[in-house]
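Okay, predicted coordinates and the sequence, questions at the end:
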Amino acid sequence: MSEPTRRARRSTPSRWGRSPRHTHAHAAAARLQARNPHLIVWFGETSGRYYVMDADGLHQHSGLDAATMFVWWRANRPRPGAGVAR
């Protein structure tokens, strides 16, 4: 039996759904989650979207910038009932 072609190796599904083609996206999601341990962040290879799970539920974002802005907003939003500092 001959060695598989480069194309065949590239198109072979990887274990646990993490293909080498999306390594950078998975790493970016892992970095975002490491900076925000109260959230769960991942990249969906099939959808090409980033997902953020927090206490309010699951939030879907089209790109890393959108997910990062959402995470920033969640960390810096005004709290209900908090008075304005004078």
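Done, it's in. These numbers were taken from a predicted model, which means no experiment stands behind them.

quick one: pLDDT of residue 44?
pLDDT, residue 44: 94.

same check, this time on residue 48
94.

Also residue 34?
Predicted confidence (pLDDT) for residue 34: 96.

Residue 58 versus that one, what's the distance?
20 Å (C-beta to C-beta, to the nearest Å). For glycine as for every other residue, the C-beta is placed from the backbone atoms N, C-alpha and C.

Same check on residue 38?
Using C-beta to C-beta, one obtains 15 Å as the distance from residue 38 to residue 58.

Need the three-state assignment for residue 37.
coil (DSSP: H, G, I helix; E, B strand; the rest coil).

For it, the count of nearby residues, please.
7 (other C-beta atoms under 10 Å).

how about the helices in this structure?
Using DSSP state H, the helices found in the chain span residues 6-11, 23-35, 64-76.

Now render these as a markdown table, adding distance to residue 54 and mean neighbour count.
A markdown table is the format used below for the helices of the chain (distance: least, C-beta to C-beta, whole Å; neighbours: other C-beta atoms under 10 Å):
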| stretch | distance to residue 54 | mean neighbour count |
| --- | --- | --- |
| helix 6-11 | 35 | 10 |
| helix 23-35 | 11 | 14 |
| helix 64-76 | 6 | 15 |
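
quick one, which of those is nearest to residue 49?
Comparing the helices of the chain against residue 49 with C-beta to C-beta, the closest turns out to be helix 64-76 (8.6 Å).

Now do the closest one: which elements does it pack against?
For helix 64-76, the elements it packs on are helix 23-35, strand 49-54, strand 57-61, judged by 3 or more C-beta pairs under 8 Å, 6 or more residues apart in numbering; DSSP states H and E.
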